[in-house]
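[1] Predicted model and sequence follow; I will ask about them next.
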Amino acid sequence: MKRFLGAAFAALATSAVSAAAQSCGGVYTVAAGDSLSAIADRHYKNVSAWTEVHRNNLSVIGENPNALRIGMKLRLGCIDGLPQGLEGGTPVVTEAAVAPTAAPAPAPSAPRRKLEQTINIVTAGDFAPFTDQTLENEGLITDVVNTAMGQSASSEAYRVHWVNDWSSHLDPLMSTAMMDMAFPWYKPDCEGSPDNYRCTNFHFSDPMFEMLILLFVDKTRPIPFAQDSDIEGRTLCRPAGYFTHDLDRADRRWITDGKITLEQPSTVRACFEMLVAGEVDAVAMNEFTGRAAIKSLDLKDQVEVVQGRPVSIEGLHVLVHKEHPEADALLATINGGLDVIKASGAYQQVIDRHMTKIWSDF
């Protein structure tokens, strides 16, 4: 299945009869008394969306969501038509108000990879909202990768393969160069664990997307999380098979030094059942999986997100094997395309489109 999803832009035009257009998304300047919750409530009409404001501004705010400063410029994504009227937003013009015009010229592409052979990229499904063939554009990360590759190579230059056995992707598919790239994969703590298999054998692209790993707690048993010591002595839950490098990174060592107890049942559902039963203090989970579980288990009135620091911030990457004969060119291809779509605004459009669907499901 060949993919070519270049940046798609709304055609904007002036018309003698058009009224001033509203805009969606844009830049918000932090004022005195602001918090992420207050900003989310005011602009998205949803206090819970403070995590979206944080996630969309990690490069500005950093890991601590309370590290707002007066005058800080925050980029608010366009989610379900909100927020409106901010500087730098995307104009929203009704069809009747716009005269037909030619589409704008496409953004300049990154240097094209000079290869005679197709770039083969492997992914797998059942990883909502990121990758699955039943999702819109086959998931958020698939959409980002296709859009980025569309700015780095022609439609004939790459192919996405769906192999629903994640364990086969890195070895043998990547180790034997049967596949040139794989996505989406987390990056372990390579500084603290340089001997980790992924760290020693693979190059990581720039993040296709960064997400918050949060603590979900019972509303009747809230816990603070302003610093790591707040978690010491607690019992956390994360399903078996999920990564734990963020719980045991070099500056934390919660597991290795026995600072926490980690329960690892077989399913996400089991973690949340243990939480409401009082068997664990918190579930440590990426925001999207956790919020989806709360909805499916009808726990909205019982479970909440800890409004402190995230446990970690994890990126989802494209991997290239270090022994691939064209590893450098492959890495430059995906990173170059990502740079182009971020500069053009196409990347944010992809994220906003998926976030609108994701938040409507919560």
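    Done, it's in.
[2] Could you check how far the lowest-mean-pLDDT helix or strand in the chain is from the centre of its chain?
    Ranked by mean pLDDT, DSSP states H and E, the weakest helix or strand in the chain is strand 90-92, scoring a mean of 83. Relative to the centre of its chain, strand 90-92 is centred 23 Å away, using CA atoms, centre = their mean, to the nearest Å.
[3] Neighbouring strands - and their directions - for it?
    Strand 90-92 pairs in its sheet with strand 22-24 (antiparallel), by DSSP bridges.
[4] got the contact list for the strand it pairs with?
    Strand 22-24 has contacts (CB atoms under 8 Å, 6 or more residues apart in numbering) with C78, G81, L82, P83, Q84, G85, L86, G89, T90, P91, V92. In this view, the C-beta of every residue, glycine as well, is placed from N, C-alpha and C.
[5] If any of those residues are buried, put those into a PyMOL selection.
    The buried residues among those can be selected in PyMOL (16 or more other CB atoms under 10 Å) with this line:
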select buried, resi 78+82+83+86+89+90+92
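[6] Just flag the most distant two among the contacts of strand 22-24.
    Farthest pair in the contacts of strand 22-24 (CB to CB) is L82 and P91. Separation: 14.7 Å.
[7] List the neighbours of the very next helix or strand once past the least confident helix or strand of the chain that are in contact with it.
    Counting by DSSP states H and E, the next helix or strand C-terminal to strand 90-92 is strand 119-123. The list of residues contacting strand 119-123 from outside it, by CB under 8 Å, 6+ apart, reads 113, 131, 141-142, 145, 149, 153, 157-163, 169, 173-174, 178-184, 318, 330, 333.
[8] in strand 119-123, what counts as buried?
    I119, N120, I121, V122, T123.
[9] Could you do stretch 64-73 as well?
    P65, L68.
[10] Please state the offset of that stretch from the chain centre?
    21 Å.
[11] Distance of the residue nearest to K295 when sequence neighbours are not counted relative to I141?
    Counting by CB to CB, 6 or more residues apart in numbering, K295 lies nearest to F362, which is 6.1 Å off, once chain neighbours are set aside. Noted for F362: a distance of 19 Å to I141, by CB to CB, to the nearest Å.
[12] These two: who's more crowded?
    I141 (23 against 14; other CB atoms under 10 Å).
[13] ok, the more buried one - contacts?
    I141 neighbours (CB under 8 Å, 6+ apart): T123, F130, T131, F183, P184, M208, F209, L316.
[14] What backbone torsions are found at T256?
    T256 adopts backbone torsions of phi -60, psi -40, taken as degrees, to the nearest 10.
[15] Quick check: nearest residue in space to it, chain neighbours excluded?
    D248 (5.5 Å).
[16] So what's the residue count around that neighbour?
    19.
[17] from memory it sits against G258, does it?
    No - with contacts counted by CB atoms under 8 Å, D248 stays clear of G258, the gap being 11.0 Å.
[18] Give the pairing partners of the helix or strand hosting H203; include direction for each.
    Element membership for H203 (DSSP H and E) is strand 202-204. Strands that pair with strand 202-204, judged by DSSP bridges, come out as strand 312-321 (antiparallel).
[19] Identify the residues contacting the partner strand?
    Contacts for strand 312-321 (CB under 8 Å, 6+ apart): 58, 63, 121, 130, 141, 145, 170, 174-175, 177, 180-187, 198, 201-213, 246, 249, 286, 327, 330-331, 334.
[20] before we move on, what about stretch 190-197?
    Outside stretch 190-197, the residues touching it (CB under 8 Å, 6+ apart) are L170, P188, D189, R198, C199, T200, H245, R249, A250, D251.
[21] Try it again at 7 Å.
    Stretch 190-197 is contacted from outside by P188, C199, H245, R249, A250, using CB atoms under 7 Å, 6 or more residues apart in numbering.
[22] ok, the fourth one - how many residues close by?
    When counting by other CB under 10 Å, one arrives at 16 neighbours for R249.
[23] Isn't it up against D189?
    Yes - the pair R249 / D189 is scored as a contact, 4.3 Å apart, by CB atoms under 7 Å.
[24] any idea whether L247 is helix, strand or coil?
    Assigned with DSSP: H, G, I helix; E, B strand; the rest coil, L247 falls in the coil class.
[25] pretty sure it contacts D257?
    No - shown here, L247 and D257 do not form a contact pair, counting by CB under 7 Å, at 11.1 Å.
[26] okay, these two: which has more neighbours?
    Neighbours were counted for L247 and for D257 using other CB under 10 Å; L247 has more, 21 against 10.
[27] Could you find the closest non-adjacent residue to that one?
    L247 sits nearest to W254 (CB to CB, 6+ apart), 4.9 Å away.
[28] before we move on, what about G139?
    Using CB to CB, 6+ apart, the closest residue to G139 is T131 (4.2 Å).
[29] Kindly report the same for D251.
    G192 (7.7 Å).
[30] Then D206?
    Nearest to D206 is N335, by CB to CB, 6+ apart, at 5.2 Å.
[31] Phi and psi next, for the one you found.
    With angles defined as degrees, to the nearest 10, N335 sits at phi -70, psi -40.
[32] Surely it is in contact with S205?
    Yes - the pair N335 and S205 qualifies as a contact (CB under 7 Å) at a distance of 5.6 Å.
[33] Give me the distance between A128 and Y347.
    Taking CB to CB, one finds A128 at 20 Å from Y347.
[34] buried stuff in the host helix or strand of A292?
    Secondary structure assignment for A292, by DSSP H and E: helix 287-296. Using 16+ other CB under 10 Å as the test for burial, helix 287-296 gives E287, F288, T289, G290, R291, A292, A293, I294.
[35] Cool, thanks, signing off.
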